[in-house]
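**Student:** How does the following fold in three dimensions:
(one chain, ligands or ions: 1)
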Amino acid sequence: MHELYSDPVAMQHLESELPRSVEESKRWVKDKIDLHDETGLSLWAVVLSATGEVIGDAGLHLLEDGETVEVGVRIVRRLWGRGYGREAADACVEAGFRELDLVRVVGVTDPANQAAIRAMRQGGMTEVGLETHYGREWIVFEVTRT
Ligand SMILES: CC(C)(COP(=O)(O)OP(=O)(O)OC[C@H]1O[C@@H](n2cnc3c(N)ncnc32)[C@H](O)[C@@H]1OP(=O)(O)O)[C@@H](O)C(=O)NCCC(=O)NCCS
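**Tutor:** Next comes the predicted model:
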């Protein structure tokens, strides 16, 4: 996870200050485990089933309104463009519908994040438009349970 979390290119559209050490990345992972234990939502490990390698994180979490559930995915840069991001996003959305009984999941990203926008469009999400969250403007997509 440290390869991903400390990569300024992969993390450029995300708000947080990046971890400078493996220890700090471990704390990020621990925070996600705690969040899962407390809420049932979190970013979970994305694991290549063939090798067991952890290649990113993906999951569901609440937006600041405390109701809307967002899907998020981050994959290590050396493995971009192989379909892993979309597969992970689909799996999270499906788990949200089937196991958590959600009816709607959104995708929220920086309007400059072409990779994420394309992945959401290609993944069948519908563009809602621009919305303000956490004090700035984001492009929002949605998918609803059928
Ligand atoms: C967004 C992200 C998860 C996509 O992961 P991925 O494994 O490359 O995704 P996929 O291989 O499933 O590709 C999905 C689509 O995005 C496109 N894509 C991937 N990387 C791209 C890039 N850097 N620029 C433009 N398009 C890109 C793919 O070509 C594909 O479109 P296509 O089917 O029309 O070819 C990955 O780029 C990433 O981790 N980015 C950094 C973190 C981030 O910004 N996450 C999203 C925040 S919500």
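
**Student:** what separates Arg82 from the ligand, distance-wise?
**Tutor:** In this structure, Arg82 and the ligand are 5 Å apart, going by C-beta to the nearest ligand atom, to the nearest Å. In short, each C-beta sits where N, CA and C put it, glycine included.

**Student:** swap that for Asp34, sorry
**Tutor:** 21 Å.

**Student:** again with Arg86
**Tutor:** According to C-beta to the nearest ligand atom, Arg86 and the ligand sit 3 Å apart.

**Student:** Would you double-check that that residue falls in a helix?
**Tutor:** Yes. Under DSSP: H, G, I helix; E, B strand; the rest coil, Arg86 falls within a helix.

**Student:** how much space between it and Leu63?
**Tutor:** 22 Å (C-beta to C-beta, to the nearest Å).

**Student:** Thr51 now?
**Tutor:** Distance of Thr51 to Leu63, given as C-beta to C-beta: 34 Å.

**Student:** do the same with Asp101
**Tutor:** 18 Å.

**Student:** more neighbours, the two?
**Tutor:** Neighbours were counted for Asp101 and for Leu63 using other C-beta atoms under 10 Å; Leu63 has more, 16 against 8.

**Student:** Specify the beta-bridge partners of the residue lying closest to that one once chain neighbours are set aside.
**Tutor:** Spatial nearest neighbour of Leu63, chain neighbours left out: Glu70 (5.5 Å); criterion: C-beta to C-beta, 6 or more residues apart in numbering. Per DSSP bridges, the residues bridged to Glu70 are His61, Val106.

**Student:** what's the nearest residue to Ala95 if we skip its chain neighbours?
**Tutor:** That would be Leu60: by C-beta to C-beta, 6+ apart, it lies 7.6 Å from Ala95.
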